[in-house]
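Chemist: okay, predicted coordinates and the sequence, questions at the end:
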Amino acid sequence: MPRVMVDQGLVNSRDASLLKPGELSKADDAYYKPGDPALWCVPGRTLYNAVPEAGAILGARFLGFDTVADQVVVQVGTGLRRGPATATGAFVDVVLPAVMGGSHLDSIHYNGQHVLTCGLSRAVVMDSTYATRSLGMLANTAPPTLSMITGAGPGFKITANSMITYWIEERVKVAGVITRRNSAPDGAFISFVSANSSTIWKPRITKPATVNTDATHWAVFATATIALDPTNPTAFVSGWPVGAEIGEATIATAFIDDTRIATKDPGFPPGPIYETMAIQLAGSYLNVPRNGSPPIFSTGDVMEESLLVNDVSDKAIVRFCWAEEIDKWPSLNFIKFQEKEQDEVRVVKAVGTGAVVLQRDSAWRIDYLPRPEDAEFNRGRCRSKIPGAPGVVNNPQAAAVISLGERYYLVYVSPVGVIMTDAFSQNVLTEDLDWPAMVNVTALDAANVVVNDAKFQIEVRYPATGSSVCNKVLLINFHPSHLKPGSGGGPRGKCSGPVARPSTAACAANISDLPGVYSAQGTSLYVEWAGTTDPATAVPIELNGASGDIYLSGLGAQAEISRVWIHHGAGAVASTIGGYLTSKNELQADLTQTWTVPAATREANNAPLFGLAEAYVVGAKITAPTTAQCINYFVLDGAESGEAKN
């Protein structure tokens with residue numbers, strides 16, 4: 001009596017007649033536990049918020065803090081709401097500096113604070129008091145106004161055909177300390193060229209319209225006196241951005257005077273030097289403001305103490321901030337991906353010591369970030385294309401990082417399947433599955449990938465065929481006891497599912513300090529894999545596990561079946577398991593017999609049956625269980641009947 005195992009996961013990329021022992025033709029609403037070959041019925045999910053939100057939850061992110069309670073943040077419309085990262089809770093508004101546009105909430109943790117973005121508006125930073133502010137500051141869009149005769153102070157003379165350049169900086173000060181500054185890009189300055197050497201000038205610099213509503217102060221910067229080339233007085237060299245501060249005032253103050261004391265041609269200002277970034281690029285030396293504006297981005301991560309993000313206004317590049325200064329974004333800090341066909345950056349994730357940039361049609365590795373202290377600021381040598389790796393769907397939440405052994409991998413959803421890469425090679429995790437037949441490829445941008453560390457499983461939420469929203473979950477177990485060798489050389493996990501579990505968002509989280517998963521559906525948030533029902537739907541959970549074709553007497557010969565055992569775990573009193581056996585014969589319709597066995601005790605229940613067939617498929621259903629239940633294996637009692645057919 002052969003024992004039919006259920007330990008090799010779902011395989012539907014091959015016909016049931018080609019499945020190997022332990023491979024399953026069905027594994028609906030099922031998952032694997034670490035180190036256990038049994039097929040377990042998935043738990044349900046429990047409601048987090050008793051009071052529904054005013055609108056659909058579009059995104060969810062877990063925010064961990066060191067000194068205050070962890071939070072789960074959800075996007076509802078153009079606003080954010082937060083609640084404690086516990087099994088149940090209530091949401092309150094996140095007070096934002098501005099509305100957040102977009103539909104894919106993402107977050108980046110850096111130094112005890114979280115950068116939040118939805119992809120169509122400025123990112124915000126939440127600190128450990130749950131207060132938010134805008135990331136960085138907007139650059140000045142206009143130069144200041146300059147009057148050379150209305151200022152206070154002693155004044156000074158300027159040699160004819162010499163000049164001074166002025167520009168301003170908006171800033172935020174907290175308790176007297178500058179916490180953020182903006183930049184004056186090329187063109188946002190004003191220069192004065194003296195026509196004679198005798199006039200006493202008294203410069204007054206008037207602030208243009210304030211750009212940043214949260215600015216508390218502003219300052220004026222100036223160059224030293226610059227002598228123009230006497231042989232070519234029309235050659236204009238502004239001196240920007242090499243200068244220093246000549247004065248600071250509150251943001252409500254209209255003007256600042258240049259009160260430098262000099263009889264003639266004032267030198268370099270004595271105040272703090274304007275912050276710049278100087279690099280050597282292609283044999284030339286460049287100097288740009290250090291406090292540039294961050295881009296609007298939809299995805300990003302931390303690499304080498306910098307935020308590394310995409311730029312929605314230029315889809316071929318990624319940008320990175322000044323190291324350890326998330327509000328400073330020099331304009332030259334970017335890496336461009338040049339392709340024969342136009343591509344676009346969709347996901348940025350740190351993997352190991354570098355980063356992986358997923359585009360629509362390709363995947364790239366970044367080994368290091370160019371720095372101004374490098375001998376040459378080379379943005380081309382730091383990136384390499386990952387051979388054979390396909391692109392990702394258009395959703396930053398369709399990728400997640402996992403750790404397997406001593407290596408990190410990025411798992412992501414592509415139109416051709418679920419891919420895993422270590423930034424050097426790639427492996428298809430769904431090579432056992434008929435991916436195109438399972439998913440609605442045209443709606444796959446809704447897909448979401450979550451790594452559930454507690455259950456050692458990758459959870460891929462996707463729109464099934466015929467659906468435009470995520471209504472199914474594919475589970476890929478990555479515990480060492482459930483790994484298989486992939487055709488690409490890397491590991492892959494056993495698959496189970498699909499699980500019927502509609503969701504509009506999901507995220508991994510520490511729920512009451514234990515690893516878990518939140519999911520959202522409609523106006524509610526749920527704790528996944530808890531309880532035995534799904535309150536978001538009226539559909540009962542039903543494990544349905546079935547073998548491939550079993551040829552008891554070999555190919556071409558019939559075998560007679562008299563009994564079938566289902567070995568299962570103990571269930572609730574009065575609970576049952578529904579078994580089924582499908583007989584397959586040449587040129588005949590398949591015949592399926594069903595039966596029910598009690599599940600209250602942990603044992604092998606048998607059913608007297610009669611079957612005479614070349615091949616059999618044995619399966620079982622556990623419907624709406626009230627306790628954790630599983631199928632361990634099946635046993636078929638059969639004997640050869642008849643001779644092999646020619």
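Modeler: Arrived safely. Residues are numbered from 1 along each chain as shown.

Chemist: identify the residues contacting Lys315.
Modeler: Lys315 sits next to Asp343, Glu344, Val345 when contact means C-beta atoms under 8 Å, 6 or more residues apart in numbering. Placement of C-beta: from N, CA and C, glycine included.

Chemist: okay, now the second one: neighbour count?
Modeler: Neighbourhood size, Glu344 [other C-beta atoms under 10 Å]: 16.

Chemist: now the first one
Modeler: By the other C-beta under 10 Å criterion, the neighbourhood of Asp343 contains 17 residues.

Chemist: just the last one next, same as before
Modeler: Taking other C-beta under 10 Å as the neighbour definition, Val345 ends up with a count of 25.

Chemist: what's the closest non-adjacent residue to it?
Modeler: Sequence neighbours aside, Asn310 is the residue nearest to Val345 in space, at 4.3 Å (criterion: C-beta to C-beta, 6 or more residues apart in numbering).

Chemist: can you tell me which of the contacts of Lys315 end up in strands?
Modeler: Val345 (DSSP state E).

Chemist: closest one to Pro208 out of the contacts of Lys315, please.
Modeler: Val345 (33.6 Å; C-beta to C-beta).

Chemist: any idea which element the nearest residue to Pro294 once chain neighbours are set aside lies in?
Modeler: Closest residue in space to Pro294, ignoring its immediate chain neighbours: Gly136 at 4.1 Å, by C-beta to C-beta, 6+ apart. Counting by DSSP states H and E, no helix or strand carries Gly136.

Chemist: next: the one 3 residues further on.
Modeler: With elements delineated by DSSP H and E, Ala139 resides in a region that no helix or strand encompasses.

Chemist: residues contacting it?
Modeler: The contact partners of Ala139, by C-beta under 8 Å, 6+ apart, come to Asn182, Ser183, Ala184, Pro185, Ala188, Val211, Gly292, Ser293.

Chemist: quick one, phi/psi of Val288?
Modeler: phi -130, psi 160 (degrees, to the nearest 10).

Chemist: and the closest residue in space to Gly352 that isn't next to it in sequence, what are its bridge partners?
Modeler: Nearest residue to Gly352, sequence neighbours excluded (C-beta to C-beta, 6+ apart): Tyr408, at 4.7 Å. The bridge-partner assignment for Tyr408, based on DSSP bridges, gives Ser403.

Chemist: in stretch 502-520, what's buried?
Modeler: 502-509, 511, 516-520 (16 or more other C-beta atoms under 10 Å).

Chemist: ok, now which ones touch the spatially closest residue to Asp265 that is not a sequence neighbour?
Modeler: With sequence-adjacent residues excluded and distances taken as C-beta to C-beta, 6+ apart, Asp265 is closest to Thr225, at 3.9 Å. Counting by C-beta under 8 Å, 6+ apart, Thr225 makes contact with Ile158, Thr159, Ser162, Met163, Ile164, Asp265, Pro266, Gly267.

Chemist: let me have the buried residues of stretch 502-520 in JSON lines, extended by pLDDT, distance to Asp36 and secondary structure.
Modeler: Output for the buried residues of stretch 502-520, formatted as JSON lines (pLDDT from 0 to 100; distance: C-beta to C-beta, whole Å; DSSP: H, G, I helix; E, B strand; the rest coil):
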{"residue": "Pro502", "pLDDT": "97", "distance to Asp36": "28", "secondary structure": "coil"}
{"residue": "Ser503", "pLDDT": "96", "distance to Asp36": "26", "secondary structure": "coil"}
{"residue": "Thr504", "pLDDT": "95", "distance to Asp36": "32", "secondary structure": "coil"}
{"residue": "Ala505", "pLDDT": "96", "distance to Asp36": "30", "secondary structure": "strand"}
{"residue": "Ala506", "pLDDT": "98", "distance to Asp36": "24", "secondary structure": "strand"}
{"residue": "Cys507", "pLDDT": "98", "distance to Asp36": "26", "secondary structure": "strand"}
{"residue": "Ala508", "pLDDT": "98", "distance to Asp36": "22", "secondary structure": "strand"}
{"residue": "Ala509", "pLDDT": "98", "distance to Asp36": "25", "secondary structure": "strand"}
{"residue": "Ile511", "pLDDT": "98", "distance to Asp36": "23", "secondary structure": "strand"}
{"residue": "Gly516", "pLDDT": "97", "distance to Asp36": "20", "secondary structure": "strand"}
{"residue": "Val517", "pLDDT": "98", "distance to Asp36": "20", "secondary structure": "strand"}
{"residue": "Tyr518", "pLDDT": "98", "distance to Asp36": "25", "secondary structure": "strand"}
{"residue": "Ser519", "pLDDT": "98", "distance to Asp36": "24", "secondary structure": "strand"}
{"residue": "Ala520", "pLDDT": "97", "distance to Asp36": "30", "secondary structure": "strand"}
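
Chemist: now for the residues you listed, which pair is the farthest apart?
Modeler: Farthest-apart pair in the buried residues of stretch 502-520 is Pro502 and Ile511; separation 20.6 Å (C-beta to C-beta).

Chemist: which of the three states applies to Asn196?
Modeler: When classified by DSSP: H, G, I helix; E, B strand; the rest coil, Asn196 comes out as coil.

Chemist: pretty sure it is touching Ala160, no?
Modeler: Yes - in terms of C-beta atoms under 8 Å, Asn196 counts as a neighbour of Ala160; the distance is 5.2 Å.

Chemist: so which of those two has more stuff around it?
Modeler: Between Asn196 and Ala160, counted using other C-beta under 10 Å, the more crowded position is Ala160 (16 against 10).

Chemist: that one and Ile226: what is the separation?
Modeler: Distance, Ala160 to Ile226, by C-beta to C-beta, to the nearest Å: 13 Å.

Chemist: how about Asn544?
Modeler: Plainly put, Asn544 is 80 Å away from Ile226 if you go by C-beta to C-beta.

Chemist: same check, this time on Ala538
Modeler: Counting by C-beta to C-beta - Ala538 and Ile226 are separated by 77 Å.

Chemist: of the two, who's got more company?
Modeler: A count of neighbours by other C-beta under 10 Å puts Ile226 above the other of Ala538 and Ile226, at 18 against 7.

Chemist: pLDDT at the residue of the chain positioned farthest from its centre, what is it?
Modeler: Most distant from the centre of the chain: Ser198, at 63.3 Å, with distances by C-alpha atoms, centre = their mean. In this model, Ser198 is scored at 94, pLDDT.

Chemist: which residues touch it?
Modeler: Lys157.

Chemist: please report phi then psi for it.
Modeler: Phi and psi for Ser198, reported as degrees, to the nearest 10, are phi -110, psi -20.

Chemist: can you check Gln457 too?
Modeler: Dihedral pair for Gln457: phi -140, psi 140, per degrees, to the nearest 10.

Chemist: that one reaches Leu475, doesn't it?
Modeler: Yes - if you go by C-beta under 8 Å, Gln457 and Leu475 touch, sitting 5.0 Å apart.

Chemist: now for the contacts of Thr225: which two are most distant?
Modeler: Farthest pair in the contacts of Thr225 (C-beta to C-beta) is Met163 and Gly267. Separation: 13.9 Å.

Chemist: and the chain, what are its domains?
Modeler: Following automatic domain parsing, the chain resolves into domains at 3-42+543-641, 47-136+504-530, 145-289.

Chemist: dump the ones you listed to a markdown table, plus distance to Ala398.
Modeler: Output for the domains of the chain, formatted as a markdown table (distance: least, C-beta to C-beta, whole Å):
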| stretch | distance to Ala398 |
| --- | --- |
| domain 3-42+543-641 | 21 |
| domain 47-136+504-530 | 9 |
| domain 145-289 | 33 |
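
Chemist: ranges for the strands of the stretch 501-646 of the chain?
Modeler: Taking DSSP state E, counting those that start in this stretch, the strands of the stretch 501-646 of the chain run over residues 505-511, 514-521, 524-528, 542-547, 558-568, 576-584, 591-598, 604-613, 615-623, 630-641.
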